[in-house]
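Enquirer: sequence and predicted structure, then a few things I'm wondering about:
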Amino acid sequence: MSLSEQIMSDMKESMKARDKVRLNTVRMIKSALMNEKIKAGHDLTAEEELTVLSREKKQREESIEEFTKANRKDLADETKQELAIVESYLPKQMTQEELNQAVSSAIAEVNAQGKSDFGKVMKVLMPKIKGKADGKAASDVVRKQLK
């Protein structure tokens, strides 16, 4: 089942269950995917869908951070629920150990010698971990391993 089909199915289930938070979140995801499809001018590939989902996840993480700073626990809690729903469509996230291993193999692949090779390592690494690990966490690991 493609992501679009899964979203339509989940939207119907949410309507039947009268789950407003899930329904609104699924609608936002569907809307983001449709906007990206229109912008691209073709049906989205799985990788492009993953990019959209990652963007949605990041937006919610940033919103939670801002709501927490503003002492808006109610909005932060609702956004956490949305984040959990968005994450349910993403592939399983890499553990720290798996991320370290992926970084090590990327460093070996480009034969990186020091910090000056950071860009080369990230260029090889990011397509491999897309949607499975946070880019910021990956860049932190790369920096530590390139000392």
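Expert: Sure thing, it's come through.
Enquirer: what residues does the most centrally placed residue in the chain make contact with?
Expert: A centroid search over the chain (C-alpha atoms, centre = their mean) returns Ser54, at 2.4 Å, as the residue closest to the centre. Residues near Ser54 by C-beta atoms under 8 Å, 6 or more residues apart in numbering: Leu90, Lys130, Gly131. The way it works is simple: take the backbone N, C-alpha and C, and place the C-beta from them, glycine included.
Enquirer: any idea which helix or strand carries it?
Expert: Following DSSP states H and E, one finds Ser54 within helix 46-69.
Enquirer: next, the spatially most distant residue from the centre of the chain: secondary structure please.
Expert: Most distant residue from the mean C-alpha position of the chain: Gln113, 29.8 Å away (C-alpha atoms, centre = their mean). Under DSSP: H, G, I helix; E, B strand; the rest coil, Gln113 falls in the coil class.
Enquirer: how close does it sit to Gln145?
Expert: Distance from Gln113 to Gln145, counting by C-beta to C-beta, to the nearest Å: 12 Å.
Enquirer: how are the helices of this structure distributed by residue range?
Expert: Secondary structure of the chain (DSSP state H): helices located at 3-17, 20-40, 46-69, 73-89, 96-110, 118-129, 135-145.
Enquirer: with mean pLDDT added, can I get those in JSON lines?
Expert: Formatted as JSON lines, those follow (pLDDT from 0 to 100):
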{"stretch": "helix 3-17", "mean pLDDT": "90"}
{"stretch": "helix 20-40", "mean pLDDT": "93"}
{"stretch": "helix 46-69", "mean pLDDT": "90"}
{"stretch": "helix 73-89", "mean pLDDT": "92"}
{"stretch": "helix 96-110", "mean pLDDT": "85"}
{"stretch": "helix 118-129", "mean pLDDT": "83"}
{"stretch": "helix 135-145", "mean pLDDT": "83"}
